[in-house]
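In: coords please:
(chains A, B and C)
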Amino acid sequence: MVVDAGALEAGLPGRRARLRLSGLLWQRPWLKALGLLTLPLAAFAIVYLGALAVLFISSFWTVSSFTATVEHTWTLANYRQIFDTSQPYLQIAGRTLGIAAAVTVTDAILAFPLAYFMARLAGKRMRAVLFVMVLLPLWSSYLVRIYAWQTILAHGGAINWGLDKLGLPDQNLAYTNTAMWIVFSYVWLPFMVLPVYAALERIPDSYLEASADLGASGWKTLRSVILPLALPGLVAGSIFTFALTLGDYITPLLVGGTSSQLIGIVVYNFMQEANAPFAAAYATIPMAIVGVYLLLARRLGAFEAL
Amino acid sequence: MTGRGARISFAVWSALVIAFLWIPLVLIALYAFNSSSIQGWPITSWTLHWFSVAWHNQEARDAFWLSVRVALVATAIALVLGTMAAAAVARFRFFGREAVSFLLVLPLALPGILTGIALSTSFTFVGLTPSIWTIVIGHATFCVVIVYNNVVARLRRSSPSLIEASQDLGADGWQTFRFVLWPVLSTALVAGGLLAFALSFDEVIVTVFTAGAQETLPIFILDNIERGQQLPVVNVVAFFVIVITVIPVALAQRVMRDTGLIRRGGAQVTETVEAAEIPAV
Amino acid sequence: MRRIHKRPRASVVAVSVVTAALAVAVSGCGGGGGGGGGTSATTSTTIGKGEGSLNVIEWPLYTDKSFAKAFEQKTGCTIHRKDAGTSNQMFALMHGNGGGGGGQYDLVSASGDASLRLINAGDVQPVDINQIPSWKDFLPQFKSPSHNTVDGKHYGVSVQWGPNTLIYNTQNVNPAPAGWDEIYGSKYKGKLTVPNNPIQIADAALYLMQTKPSLGIKDPYELTKDQLTAASQLLMSQKPLLKRYWNYAADEITSFKNGDVWMGAGWPYQTLALQADKQPIKEIVPLPTTGWADTWMLAAKAPHPNCALKWMQYVTTPKVEAQQALVFGETPVNPLACPYMDKLQKGSCAAYHLNQPASYYSKIKFWKTPVPQCGWNNSSDCMDYNAWVQAWTKITG
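Out: Modelled structure (predicted):
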């Protein structure tokens, strides 16, 4: 459809008023921004930020043991309990951080060659196909993917069957830290592939040509030119693998065991025990860690890279 | 740049990783056809029997329709709020612009359990009983971000001079929106809406805390897996859920490829990746 | 002049999504299994018309289709079930979302360690016992027990009771176990399981009551700090012997089935399910043991109180009590169920001790909530439930 200047000038009723309003908004762009922003920001501030604020405040309350009524008296009891070394909470947090780090490293190792292949080695058609093949698992049901691993890791599941075929002994992987590490690495992998792919794809060919011209071998170019440029992508991906592992409770619920509790499942259990204030207090730990991580990631340019 | 050997090893590694991504999905889809009610491997006999059992399962059907309703409402809210916020952020420089971007990304960046328990505590605090609306509120918090990302990415890639040109030609605000902005944005909105729908339909982490006795489809699956009940029906439902979330996402991909934009190539790839899930600040 | 492309298809799609969503949202306003406050219909002597729906929080099979279907057909009350694994879950579900069942749930089959908490938290309402005709036939211990009757007000109606049992695989466990010793010893290391429930501390305390009388434990639910520490230590030494802790009954069933565990603490429900599946499983009830006495309680904000009361009436009748007892493996509170039990399964009335309840009853230490007030030494320094939860997290974490 082609814009017809003549039709536009045929003054419709109210057109003058609209033109005046448009002019005003054009001269004062911040008015337009304000009009557009008020509703979403207000909704967001009240609902989401407000909820986070209530959560944080409630972490300073306690719950009476018998009737589970929330007592609105200010106290640091919850936090004291968390940081009490005779309690398991710091150890659980440490375990969660460890698994999150392991998952991040695993995913980085798994993702990088794939992303590099997609970005620089694959043909156009192959790239599109691979892209879709990475994207679809990402968007297919998160819960179903974890459930799939529960059946695979189970005693009579596919892994033990495969090991049997190879003549290797059965593994007792179900409900262990190893099981959780495998599942986390699996579920978050596309989150690592995509930003690394975007970062690698952006590297101009001329950089690589220049590096070759200067006499660098393939591996040296990889180390000195490609990796540093891909770093923001890796950091962006690591935000997801790290932050999402820190707070996850579904995976420990389905494939973790009682000796491999993570922050997420402890928070979930305390919510189940109608002790929301303690859950809130413990949840501030992943919140703080993720907050710091986001700030660091920003420093490293993960956000600007995109 | 890389030698032949390196090329081949990269290709093999990629194939293995892709296989790693897809095998569990294929396996769990196969279980829907497993005639035994025990979840062992290998599957020795196949049947379609459980499909009919699941079809007649009233609980599963109710859960499915509830999920659909919630996803539609959350998507609608996300489309409106997300577009408004994206238009403001992409087009105007104002005080606190970066802060707004950062804030809107929080629901995706922070672990979902935080959103869940924060909303749950707040609902109790203000005396709001759980209902379809508490679930929708929980979903809307991150669905808005998905739409926002898509629209911001699109607006950044399109030329602002289009609007100037339109106004130079005498169009008022509404006409500019209808004839200039809307065609540019529509595919981003459709893509964002489809992705938001898929995300809401699949959501379980926040829903566990914001739902009361209401069972969305993921809650139905989770409850039954946890309690070890009705597992063959769960397998069928899982199969169905995989298929049903693949469709909107595949459509969204299609729509986003078909942009008709002036710029192409690297920018388009980045836009697709950005829109997929990366927070754009 | 540049052509500006219009994309009617995409825009139509988007607009219809928004419209459809709004239309559907309006129609779906009453969605879900609950919603809205409930009215108290408990003071009149007749129960009003059923509301068409009933939301229950239950132990598995407490509303099993084998006996619930007839109820649904007769009253039109369709049952929506949420199975719980522990009393804590039941309490949290009832107490969450503003309490009183959150306007979501009508009934909860609470054991003694949840019932008083629910009463004190105001989450359940009294029922008029005259509306439950079978009540007058109940065993005397279950008419007005202290765990569901406070100040003469009945907060619900007793339904069934039973012991925690020691389940074992007859092929792998030789000789058959005689008591709880086996589950604290290393003979079957790595092949044991116990419930993931803080109340399990009472089982350890009960064991210490027999084996270490010097600790002075008089009541496994009323423990001083030292006694709680001793019980915790016993459980911590048990932990490496376990294959896993089970969260839901089905977990234990699966673990026995695939050979992961050979012996464990559980309920008759698991044994019956495994035996029905032709597994070589038996159980023993080493007395004294812990156990549970369950009450159907009416939520304070029940959205369907009439259906709830109708269920209470129905499930306490002799025939249904017998059916439920045999499905789960527990003992009815209504002794008139005895002949029905024997008709369904010969000798079951005696097997579940319904014909001689008193002596059996006194040997079971029923679940109750740990509170600071110690009945046995008239002090208030016993450990409360919070302390038990913290101890349990430490043991399992």
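
In: need the contact list for residue C:62.
Out: For residue C:62, the contacting residues are C:56, C:109, C:159, C:294, C:324, C:328, by CB atoms under 8 Å, 6 or more residues apart in numbering or on different chains. Every residue, glycine included, has its C-beta placed from N, CA and C.

In: do you know how far residue B:185 is from residue B:147?
Out: Note on residue B:185: its distance to residue B:147, by CB to CB, to the nearest Å, is 10 Å.

In: Specify which residue of the two has the higher count of neighbours.
Out: Neighbour count, other CB atoms under 10 Å in any protein chain shown: between residue B:185 and residue B:147, residue B:147 has more, with 28 against 24.

In: Secondary structure class of residue C:193, three-state.
Out: Judged by DSSP: H, G, I helix; E, B strand; the rest coil, the three-state class of residue C:193 is strand.

In: Can you check which residues contact both of residue B:185 and residue B:147?
Out: Residues touching both residue B:185 and residue B:147 (CB under 8 Å, 6+ apart): residue B:83.

In: What score does the residue most central in space within chain A have for pLDDT?
Out: By CA atoms, centre = their mean, chain A has its centre lying nearest to residue A:240, at 2.6 Å. Listed pLDDT for residue A:240 reads 88.

In: now residue B:202
Out: The pLDDT attached to residue B:202 in the predicted structure is 90.

In: Spatially nearest residue to it (excluding sequence neighbours)?
Out: Closest residue in space to residue B:202, ignoring its immediate chain neighbours: residue A:141 at 4.7 Å, by CB to CB, 6 or more residues apart in numbering or on different chains.

In: Counting neighbours, what do you get for that neighbour?
Out: Residue A:141 has 28 nearby residues by other CB under 10 Å.

In: Torsion angles phi and psi at it?
Out: Per-residue torsions, residue A:141: phi -50, psi 120 (degrees, to the nearest 10).

In: What number of residues are in the vicinity of the residue of chain A found nearest chain C?
Out: Relative to chain C, the nearest point of chain A is residue A:88 (3.5 Å; CB to the nearest CB). Neighbours of residue A:88 under the rule other CB under 10 Å: 18.

In: Ok, residue B:13 next?
Out: Other residues within reach of residue B:13 by the criterion other CB under 10 Å amount to 17.

In: check whether the helix or strand hosting it contacts chain C.
Out: Using DSSP states H and E, residue B:13 maps to helix B:4-31. No - counting by CB under 8 Å from any CB of the partner chain, chain C has no neighbours in helix B:4-31; the shortest distance is 15.6 Å.

In: Please compute how far that helix lies from its chain's middle.
Out: Computed by CA atoms, centre = their mean, to the nearest Å, the chain-centroid distance of helix B:4-31 equals 24 Å.

In: what comes up buried for the helix or strand following that helix?
Out: Sequence-wise, the next helix or strand downstream of helix B:4-31 (DSSP H and E) is helix B:49-55. Residues of helix B:49-55 classed as buried by neighbour count (16 or more other CB atoms under 10 Å in any protein chain shown): B:50, B:51, B:54.

In: of those, closest to chain C?
Out: Nearest to chain C out of those is residue B:54 (CB to the nearest CB; 17.0 Å).

In: can you pull the contacts of the residue lying closest to the closest one once chain neighbours are set aside?
Out: Spatial nearest neighbour of residue B:54, chain neighbours left out: residue B:236 (3.9 Å); criterion: CB to CB, 6+ apart. If a contact means CB under 8 Å, 6+ apart, then residue B:236 has B:32, B:50, B:51, B:53, B:54 as its contacts.

In: any idea how far chain A is from residue B:236?
Out: To chain A, residue B:236 is 12 Å away according to CB to the nearest CB, to the nearest Å.

In: and if you look at residue B:39?
Out: 5 Å.

In: Return the residues in contact with the nearest residue to that residue once chain neighbours are set aside.
Out: Once flanking residues are discounted, residue B:39 sits nearest to residue A:151: 4.9 Å by CB to CB, 6+ apart. By CB under 8 Å, 6+ apart, residue A:151 lies in contact with A:157, A:158, B:27, B:28, B:31, B:39, B:41.

In: pLDDT at residue A:151, what is it?
Out: With respect to pLDDT, residue A:151 scores 88.

In: Three-state assignment for it, please.
Out: helix.

In: returning to that earlier point: dump the residue contacts of the residue of chain A closest to chain C.
Out: The neighbours of residue A:88, taking CB under 8 Å, 6+ apart as the test, are A:261, C:393, C:394, C:397.

In: Go through the residues you listed and name the one nearest chain B.
Out: Checking the contacts of residue A:88 against chain B by CB to the nearest CB gives residue A:261 as the nearest, at 14.0 Å.

In: Burial check on residue B:95, number of neighbours?
Out: By other CB under 10 Å, the residues close to residue B:95 number 9.

In: tell me the least confident of the contacts of residue A:151?
Out: Lowest pLDDT among these: residue B:39, 79.

In: I'd like to know how many residues surround that residue.
Out: By other CB under 10 Å, 23 other residues sit near residue B:39.

In: Would you confirm that it contacts residue A:156?
Out: Yes - the criterion here is CB atoms under 8 Å, and residue B:39 meets it with residue A:156 at 7.5 Å.

In: Show me the shaky parts of the stretch 201-306 of chain A.
Out: Applying pLDDT under 70 to the stretch 201-306 of chain A flags residues A:301-306.

In: Can you name the residue of it nearest chain B?
Out: In the stretch 201-306 of chain A, the residue that lies nearest chain B is residue A:247 (2.1 Å; CB to the nearest CB).

In: Hmm, that residue is touching residue A:263, no?
Out: Yes - shown here, residue A:247 and residue A:263 form a contact pair, counting by CB under 8 Å, at 7.0 Å.

In: so what sits against both of the two?
Out: Contacts common to residue A:247 and residue A:263, judged by CB under 8 Å, 6+ apart, are A:283, A:286.

In: Which pLDDT value goes with residue B:158?
Out: pLDDT, residue B:158: 78.

In: which non-adjacent residue is nearest it?
Out: Here the residue nearest residue B:158, using CB to CB, 6+ apart, is residue B:184, at 5.1 Å.

In: Could you do residue B:29 as well?
Out: Once flanking residues are discounted, residue B:29 sits nearest to residue B:239: 5.0 Å by CB to CB, 6+ apart.

In: where's the residue of chain A closest to chain C relative to residue A:258, distance?
Out: According to CB to CB, residue A:88 stands 11 Å off from residue A:258.

In: Now the common contact residues for those two.
Out: residue C:397.

In: Restrict stretch A:104-112 to CA atoms and write it as PDB.
Out: Below are the C-alpha coordinates for stretch A:104-112, written out as PDB (Å, rounded to 0.1, in the frame of the first residue of the first chain):
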ATOM      1  CA  THR A 104      29.000 -23.200  34.000                       C
ATOM      2  CA  VAL A 105      32.400 -24.600  33.100                       C
ATOM      3  CA  THR A 106      30.900 -27.800  31.600                       C
ATOM      4  CA  ASP A 107      28.500 -25.800  29.500                       C
ATOM      5  CA  ALA A 108      31.200 -23.400  28.300                       C
ATOM      6  CA  ILE A 109      33.300 -26.400  27.100                       C
ATOM      7  CA  LEU A 110      30.300 -28.000  25.400                       C
ATOM      8  CA  ALA A 111      29.000 -24.900  23.900                       C
ATOM      9  CA  PHE A 112      32.100 -23.200  22.500                       C
END
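
In: near chain B, anything from it?
Out: Yes - remark: stretch A:104-112 sits within contact range of chain B at A:110, A:111, by CB under 8 Å from any CB.
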